[in-house]
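Below are the sequence and a predicted model; questions follow.
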Amino acid sequence: MPKPSCRTMFASALGTIFPALALVASASTQPPSGEPLVTRIPADATYTGTASCVECHREQTDTWVQTIHANAFTILPPRYRSDPTCLECHVTAYGEAGGYVQGTSAEILNELLGVGCEACHGPGSAHEKAVRGSVELLTLDEAEMA
């Protein structure tokens with residue numbers, strides 16, 4: 001019998017502590033109607049790391065830094081920091097192209113430690129490109145003059 005994943009054990013523990021939560025989490029529901037916010041991730045999208053998000057989303061990243069998600073990798077005991085079973089949940093984009101895999105630049109790898117923005121929102125490059133192409137970012141001097 002395969003060893004249960006950390007996620008499975010965590011869900012089981014939550015169900016023991018909060019039975020109603022387990023019932024809600026396992027309820028069969030349909031997704032909302034209408035177009036999804038993100039219909040597909042472009043094939044050339046890349047992970048940019050949370051530091052890229054902070055430029056425009058300071059309030060959200062200030063809140064995130066105080067959560068267990070931001071420290072999901074550092075709370076792992078050192079002996080588990082190279083265990084793929086643990087890394088699936090404790091780093092962003094484990095095993096995904098351009099994510100936490102061999103060959104990704106050290107700068108980006110450091111940005112993917114923990115459960116960052118892109119763990120839920122997907123690779124940030126497409127968002128950055130769209131925003132930078134449609135929004136004129138003001139420098140501090142220009143903003144003060146406006």
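Arrived safely, thanks for sending.

quick one: the helices in this protein?
With helices called from DSSP state H, the chain shows them at 6-17, 19-26, 50-54, 58-64, 84-90, 106-111, 117-121, 125-134, 140-145.

pLDDT score assigned to the residue lying closest to C56 once chain neighbours are set aside?
For C56, ignoring the flanking residues on the chain, the nearest one in space by CB to CB, 6 or more residues apart in numbering is V131 at 7.1 Å. All C-beta spots, glycine's among them, are computed from the backbone N, C-alpha and C. For V131, the pLDDT comes out at 81.

need the helix or strand of this protein with the lowest average pLDDT.
In the chain, the helix or strand scored least confidently by mean pLDDT, DSSP states H and E is helix 19-26, which has a mean of 48.

Near the residue nearest to C56, how many residues? Count them for me, please.
Here the neighbour count serves as a burial measure; for V131 (other CB atoms under 10 Å) it reads 13.

That one contacts H57, correct?
No: counting by CB atoms under 8 Å, V131 sits too far from H57 to count as a contact (10.6 Å).

ok, now which ones touch A126?
Contact analysis of A126 by CB atoms under 8 Å, 6 or more residues apart in numbering lists 41-42, 45.

Those in strands, which ones?
Applying DSSP state E to those, no entry is found in strands.

Buried subset of those residues as a ChimeraX selection?
Selecting in ChimeraX just the buried members of these, where the criterion is 16 or more other CB atoms under 10 Å, is done with this command:
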select :45
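
Quick check: of the contacts of A126, which lies closest to G122?
Within these, distances to G122 taken as CB to CB reach their minimum at I41, with 5.0 Å.

Hmm, that closest one is touching G122, no?
Yes: look at I41 against G122 with CB under 8 Å: they come within range, at 5.0 Å.

for the protein, what are the low-confidence residue spans?
Applying pLDDT under 70 to the chain picks out residues 1-40, 134-146.

Next, work out how far apart the closest residue to T50 other than its chain neighbours and G133 are.
Leaving out its chain neighbours, the residue that sits closest to T50 by CB to CB, 6+ apart is G116, at 4.1 Å. Taking CB to CB, to the nearest Å as the measure, G116 falls 23 Å from G133.
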